[in-house]
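>>> Take this sequence and fold it.
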Amino acid sequence: MNNAKRLRKWTVLACVMVLMLIVSACGGGNNNNTANNTSTNTESTNTTTEPAADNTNNAATDEAATTDTGATVEITVWDQPTPEDTQKELKEEIYAEFETQNPSIKVKHELMPQGTNDREVFVTAMAGGNGPDAYHAAHFPIIADWVGQGLALDLTPYWDGYADKDKFIASSMQAGTIDGKVYGVPHDMYVTGLFWNKKMFEAAGLDRDTPPANWDQLVEFGKKLTNVDKKQYGITLLGMEWADWWFEYYVWQAGGDLTHLQPDGTVQLAFTEDPSVKALQFYKDLKWTHKIVQNNVLQSYQDNMNDIFQGRAAMSNAASGGFGDYVAQGMDLNDVGFAPYPVGPGGKGPGQIGGAYWIINPKTSKEKQDAAWKYITYMNSKEVMEKVLQFQQDNGMFPNLLSVRSDVDPSQFAKDISPELVAAVNKAASDTHLEYFLKERLTPYVVKAVQKALTDEKSDPKQLLQEAQDAAQKEVIDAYNASVKK
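This next block holds a predicted model:
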């Protein structure tokens with residue numbers, strides 16, 4: 001099989017899993033099969049580790065994880081590779097190496113139990129005393145909520161003595177550090193930004209290497225790129241059941257957020273604040289006034305992606321882990337642009353960081369917690385991460401260009417990637433924003449307002465957001481804040 005065909009084969013498989021990671025992280029959960037595939041991808045693209053044979057790296061954990069009695073400690077981890085996992089053999093090799101280097105620790109690798117939503121499955125298992133000892137899918141939007149529910153161990157004592165703690169990029173630690181305490185070890189990460197099709201820019205008389213810098217230019221460029229006769233439009237919007245995922249970026253660009261976490265742990269809704277209202281008005285105007293988005297604003301995420309692949313959409317949101325998807329669909333990365341988002345009235349265009357953390361079960365024994373820490377730091381070492389990246393390179397798989405570790409450069413394992421693209425990802429990662437707090441619980445309320453604005457030309461964004469806030473306050477926030485104050 002020649003290199004081009006092999007690359008096409010492996011990137012299709014790899015990028016389907018990247019898509020599932022993003023959907024899981026930002027779409028409010030997924031079914032069990034998706035959860036297992038998400039595990040496959042995240043371990044393959046951003047695993048970081050500390051080999052147990054490395055005395056320097058293990059110095060921080062030797063005292064905690066030593067089994068002086070000689071007894072074997074068994075821990076359960078939901079990371080068993082599925083039969084169709086493209087990296088099954090590699091993972092099993094890595095697992096075997098860990099146990100060889102740590103003979104007193106036995107890891108029981110299991111598939112996540114069946115269920116329609118991976119997060120509900122985990123919470124239910126933990127409530128029933130059947131949760132894993134270590135879990136690698138505590139996503140950025142949910143980890144703080146899980147900490148509040150007592151589902152994640154305070155890892156600060158381990159972290160303070162961890163020799164590699166300064167090797168993780170600052171933005172990767174943001175969501176997992178709560179009230180100055182560390183609850184998660186970064187497992188994988190991506191950053192979002194603006195995608196544009198350079199060939200379409202050129203055909204429209206625009207500079208192929210210059211994306212829109214602000215909202216005004218976004219509209220200006222979008223109009224030049226929209227051609228009804230060619231069924232071509234300027235930029236995709238997301239109006240389906242995850243509509244708040246992309247909409248919140250516009251709120252940030254307008255200078256606000258959808259919630260405010262207060263110093264006492266309570267939450268204040270910001271749906272009706274000026275930046276949120278401006279963002280929804282602009283979102284609505286892109287559809288009804290400027291007419292530079294797709295006709296079906298409620299179409300699926302995959303339909304949005306198909307519009308990109310088939311040259312119907314000139315601009316869209318993109319994630320650092322998804323470039324291989326473009327390659328798999330026959331696009332030339334030299335014609336793919338990526339940059340931080342255009343700035344809005346707030347003067348900023350931060351990228352969203354997403355991904356997941358390793359967490360440890362706070363209800364399991366101290367011996368198991370110590371063993372779980374050794375396993376996590378092994379699975380998050382430079383050596384293991386680079387081993388995975390080497391496997392991807394050898395098999396024509398496209399890496400996530402954003403690493404949680406500063407000492408691991410994925411672009412070195414994908415030599416056909418332009419330096420400009422790598423630089424663009426790093427630039428987007430230099431100004432980042434976490435998804436709004438309590439997103440998991442508040443999504444339905446925000447989505448309802450966004451969908452109404454996109455489907456009803458006569459709707460009033462401010463009124464829609466007021467109605468959403470009133471309902472969310474009554475049905476979610478009041479009870480949440482009361483529980484915090486207890």
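>>> how about low-confidence regions in the stretch 301-450 of the chain?
Under the criterion pLDDT under 70, no range of the stretch 301-450 of the chain is flagged.
>>> again, only using 80
Per-residue confidence for the stretch 301-450 of the chain (pLDDT under 80) gives these ranges: 414-416.
>>> centroid residue for this structure?
residue 354 (2.8 Å; Cα atoms, centre = their mean).
>>> ok so that residue is a helix residue?
No: under DSSP: H, G, I helix; E, B strand; the rest coil, residue 354 sits outside any helix and is assigned strand.
>>> wouldn't it be in contact with residue 190 here?
Yes: at 5.5 Å, residue 354 and residue 190 qualify as touching, with contact defined as Cβ atoms under 8 Å. No exception for glycine: its C-beta is placed from N, CA and C like everyone else's.
>>> what about the strands in the stretch 101-250 of the chain?
105-109, 134-139, 177-178, 181-182, 185-197, 233-235 (DSSP state E, counting those that start in this stretch).
>>> Output those strands in a markdown table; the columns should cover mean neighbour count.
Listed next are these as a markdown table, based on neighbours: other Cβ atoms under 10 Å:
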| stretch | mean neighbour count |
| --- | --- |
| strand 105-109 | 17 |
| strand 134-139 | 26 |
| strand 177-178 | 17 |
| strand 181-182 | 16 |
| strand 185-197 | 27 |
| strand 233-235 | 25 |
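>>> how about those strands in TSV, adding mean pLDDT and distance to residue 261?
Converted to TSV, these look like this (pLDDT from 0 to 100; distance: least, Cβ to Cβ, whole Å):
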stretch	mean pLDDT	distance to residue 261
strand 105-109	97	36
strand 134-139	96	17
strand 177-178	94	10
strand 181-182	98	15
strand 185-197	96	21
strand 233-235	98	31
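>>> Compare those strands and give me the one nearest residue 486.
Evaluated with Cβ to Cβ, the strands of the stretch 101-250 of the chain place strand 177-178 nearest to residue 486, the distance being 18.2 Å.
>>> Name every strand pairing with that closest one and say which way it goes.
In the sheet, strand 177-178 lines up against strand 181-182 (antiparallel) (DSSP bridges).
>>> The strand it pairs with: how far from the chain's middle?
The chain centre lies 20 Å from the centre of strand 181-182; the measure is Cα atoms, centre = their mean, to the nearest Å.
>>> Give me the neighbour count for residue 173.
Applying other Cβ atoms under 10 Å, we find 17 residues neighbouring residue 173.
>>> right, and it touches residue 186 too?
Yes: if you go by Cβ under 8 Å, residue 173 and residue 186 touch, sitting 6.7 Å apart.
>>> returning to that earlier point: for the strands of the stretch 101-250 of the chain, which one sits closest to residue 435?
Per Cβ to Cβ, nearest to residue 435 of these: strand 134-139, 9.1 Å.
>>> Report the angle between the closest one and strand 105-109.
With axes from the mean of the first three to the mean of the last three Cα atoms, to 10 degrees applied, the angle from strand 134-139 to strand 105-109 works out at 50 degrees.
>>> Kindly spell out which helices and strands sit in contact with strand 134-139.
helix 3-26, helix 32-46, strand 73-77, helix 118-127, strand 351-360, helix 366-378 (3 or more Cβ pairs under 8 Å, 6 or more residues apart in numbering; DSSP states H and E).
>>> Go through these and find the least confident stretch.
The weakest mean pLDDT among those belongs to helix 32-46, with a mean of 33.
>>> Could I get the buried residue list for stretch 213-226?
214, 215, 218, 219, 220, 221, 222, 224, 225, 226 (16 or more other Cβ atoms under 10 Å).
>>> same question, stretch 421-436
For stretch 421-436, by 16+ other Cβ under 10 Å, it's 421, 422, 424, 425, 428, 429, 432, 433, 434, 435, 436.
>>> Would you mind getting the angle between the strand or helix carrying the second one and strand 351-360?
What it means is residue 422. For residue 422, the host element (DSSP states H and E) is helix 419-428. Helix 419-428 and strand 351-360 are oriented at 70 degrees to each other (the same axes, to 10 degrees).
>>> by contact count, what packs against helix 419-428?
strand 185-197, strand 336-339.
>>> on that earlier part again, mind putting the buried residues of stretch 213-226 into CSV with pLDDT and distance to residue 146?
Below are the buried residues of stretch 213-226 laid out as CSV (pLDDT from 0 to 100; distance: Cβ to Cβ, whole Å):
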residue, pLDDT, distance to residue 146
214, 98, 37
215, 98, 36
218, 98, 36
219, 98, 40
220, 98, 43
221, 98, 41
222, 98, 39
224, 98, 46
225, 98, 42
226, 98, 43
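>>> Identify the bridge partners of residue 177.
residue 182.
>>> who are the neighbours in contact with the nearest residue to residue 105 once chain neighbours are set aside?
Here the nearest residue to residue 105 in space, its sequence neighbours aside, is residue 371; by Cβ to Cβ, 6 or more residues apart in numbering that works out to 4.6 Å. By Cβ atoms under 8 Å, 6 or more residues apart in numbering, residue 371 lies in contact with 65, 73, 75, 102, 105, 133.
>>> Tell me who's in contact with the nearest residue to the last one once chain neighbours are set aside.
Spatial nearest neighbour of residue 133, chain neighbours left out: residue 75 (4.0 Å); criterion: Cβ to Cβ, 6+ apart. With contacts defined as Cβ under 8 Å, 6+ apart, the neighbours of residue 75 are 105, 106, 107, 108, 132, 133, 134, 364, 368, 371, 372, 375.
>>> same question, residue 286
By Cβ under 8 Å, 6+ apart, the contact list for residue 286 reads 219, 222, 235, 237, 292, 293.
>>> re the thing from before, now the element after the helix holding residue 422, going C-ward?
According to DSSP H and E, the helix or strand after helix 419-428 is strand 432-433.
>>> and residue 338, how far is that from residue 382?
Per Cβ to Cβ, to the nearest Å, residue 338 is found 26 Å from residue 382.
>>> about what we covered before: including distance to residue 154, could the helices and strands packed on helix 419-428 go into a markdown table?
Below are the helices and strands packed on helix 419-428 laid out as a markdown table (distance: least, Cβ to Cβ, whole Å):
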| stretch | distance to residue 154 |
| --- | --- |
| strand 185-197 | 13 |
| strand 336-339 | 37 |
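>>> Out of the ones you listed, the one nearest residue 391 is which?
Using Cβ to Cβ, those put strand 185-197 closest to residue 391, at 15.7 Å.
>>> could you say what helices and strands that closest one packs with?
Here strand 185-197 touches helix 3-26, helix 32-46, helix 170-173, strand 313-319, strand 336-339, strand 351-360, strand 380-381, helix 419-428, going by 3+ Cβ pairs under 8 Å, 6+ apart.
>>> Out of the strands of the stretch 101-250 of the chain, which is closest to residue 125?
strand 134-139 (9.4 Å).
>>> Could you figure out how far that closest one is turned away from strand 185-197?
Using the same axes, to 10 degrees: strand 134-139 against strand 185-197 is 40 degrees.
>>> these two touch, right, residue 209 and residue 198?
Yes: with contact defined as Cβ under 8 Å, residue 209 counts as touching residue 198 (7.0 Å).
>>> Now for these two: what residues contact both?
Common neighbours of residue 209 and residue 198 (Cβ under 8 Å, 6+ apart) are residue 337.
>>> The two - which one has more neighbours?
residue 198 (19 against 12).
>>> Tell me who's in contact with the more buried one.
By Cβ under 8 Å, 6+ apart, the neighbours of residue 198 are 208, 209, 334, 335, 336, 337.
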